[in-house]
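# 3D, please:
(one chain, ligands or ions: 1)
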Amino acid sequence: MNWTDYHGRLHKTLRQRRLLPKQSRLLVAVSGGQDSLSLLQLLSDLKPKWEWDLAVAHCDHRWSIDAGMADHVETIVERLGMTFFRITAETPVEATEASARSWRYQVLRNCCEENDYDYVVTGHTSTDRAETLLYNLIRGSGSDGLQALTWERPLTANINLVRPLLNFSREETEQFCEQMQLPIWKDIANDNLNYARNRLRKQIFPQLKAHFNPQVEIALSQTADVLQAETAYLQQLATELYEKAYHSKQSLCREPLKTAPVALQRRVMRLFWHTYFKNTHAPSFQQIEELTALIDAPNRSQTSSFPKNIYAVVESDLISFKSFV
Ligand SMILES: Nc1ncnc2c1ncn2[C@@H]1O[C@H](COP(=O)(O)OP(=O)(O)OP(=O)(O)O)[C@@H](O)[C@H]1O
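So this is what the prediction gives:
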């Protein structure tokens, strides 16, 4: 086997971050592009050291522009002698980034559950991470959204999604594929400028690199890493404070919140909102601001109308959700 610096880097990352334990069962998500092909080759080469059980899944959205892609991946996987799951959509998946992503994660999760895999592993790189961070920033996301592509996240109680290539750039996966002569599938959807991601990649990042910072991808990706750790810490503090202030599903005590910093007050209000509305309505910045303002507001102060004719009102020490009807 041709051991390269890339193998060394991934091996070290897996050890330091404890991302994919020895002898675990991994389902590698392979699109056929340079990132996931690099991932597959690297994991296959590292397998003797880690004793994983490796299988590959390819999700076929049944889009005409992808004709031949699933066969291409199948041939590569056959050569490696691995189990292959070709997951084909019953009807063509709606051609938006969000629908495709949500369908893929759902079928990958099902495939793990049915076949006893513990991890879904994807080929996201630091370049993807930088693009996601910038994209979320432009759309006005809070620091939670700015974490952008974490190294791992749970898909279910027993299945984790892991992205072990987050310290590889897209340029590096291209070099690796060239060096290893891996047959990259050229995805023509990547040239489609109707997709926001492609516009960022092809129009905005080249400008940022040329005129602001040639290392912009690394800089943004590192920022995402820092934000991730800080957000996790803040969220833990907010959860503790929320539990202290909790009175019922629709009421919070104001006293414990009064001396808290606004960063925590806002997070507590988000938790309060989500407990009450479940995941049916995401709160806007303005709605969280209105709720937060009630912490120090006079008795009987209230917010404007929230979804489903609900509003929040101060009743001495309590902030309560009530219905207008
Ligand atoms: N059709 C597919 N079949 C299997 N895996 C896929 C497929 N498409 C993407 N993946 C996996 O997802 C990774 C990221 O791909 P891509 O950047 O195209 O997805 P995305 O829609 O941006 O996903 P995310 O929102 O998670 O970033 C790939 O490296 C690969 O591991």
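
# going forward, measure contacts between C-alpha atoms and count neighbours the same way
Fine.

# pretty sure residue 34 contacts residue 184?
Yes: under the criterion of C-alpha atoms under 8 Å, residue 34 makes contact with residue 184 at 5.5 Å.

# Now for those two: what residues contact both?
Common contacts of residue 34 and residue 184 (C-alpha atoms under 8 Å, 6 or more residues apart in numbering): residue 177.

# Which one's more surrounded, those two?
residue 34 (26 against 19; other C-alpha atoms under 10 Å).

# who's in contact with that one?
173-174, 177, 184-185.

# how does it look with 7 Å?
Contact partners of residue 34, counting by C-alpha atoms under 7 Å, 6 or more residues apart in numbering, are 173-174, 177, 184.

# Which pair of the residues you listed spans the longest distance?
Spatial extent of the contacts of residue 34 (C-alpha to C-alpha) is set by the pair 173 and 184 at 10.5 Å.

# which secondary structure elements does the helix-or-strand element of the chain with minimal mean pLDDT contact?
Sorting the helices and strands of the chain by mean pLDDT, DSSP states H and E puts helix 143-146 at the bottom, at a mean of 73. Judged by 3 or more C-alpha pairs under 7 Å, 6 or more residues apart in numbering; DSSP states H and E, the packing partners of helix 143-146 are helix 126-138, helix 216-245.

# wait, which of the ones you listed is closest to the ligand?
helix 126-138 (6.4 Å; C-alpha to the nearest ligand atom).

# Please save the CA atoms from the closest one in CSV.
Output in CSV follows, covering the C-alpha atoms of helix 126-138 (Å, rounded to 0.1, in the frame of the first residue of the first chain):
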residue,chain,number,x,y,z
SER,A,126,-12.7,22.1,5.1
THR,A,127,-13.8,23.8,1.8
ASP,A,128,-17.4,22.6,2.3
ARG,A,129,-17.2,23.8,5.9
ALA,A,130,-16.0,27.3,4.9
GLU,A,131,-18.7,27.5,2.2
THR,A,132,-21.4,26.4,4.7
LEU,A,133,-20.2,28.9,7.3
LEU,A,134,-20.3,31.8,4.8
TYR,A,135,-23.6,30.7,3.5
ASN,A,136,-25.2,30.6,6.9
LEU,A,137,-23.6,33.9,7.9
ILE,A,138,-25.1,35.6,4.9
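
# do the top strand by length along the chain and the ligand meet?
Longest strand in the chain by number of residues, with DSSP state E as the criterion: strand 53-60. Yes: applying C-alpha under 6 Å from any ligand atom, one finds strand 53-60 in contact with the ligand at 57-60.

# Counting by contacts, list what that strand packs against.
Going by 3+ C-alpha pairs under 7 Å, 6+ apart, strand 53-60 lies up against strand 25-29, strand 83-88.
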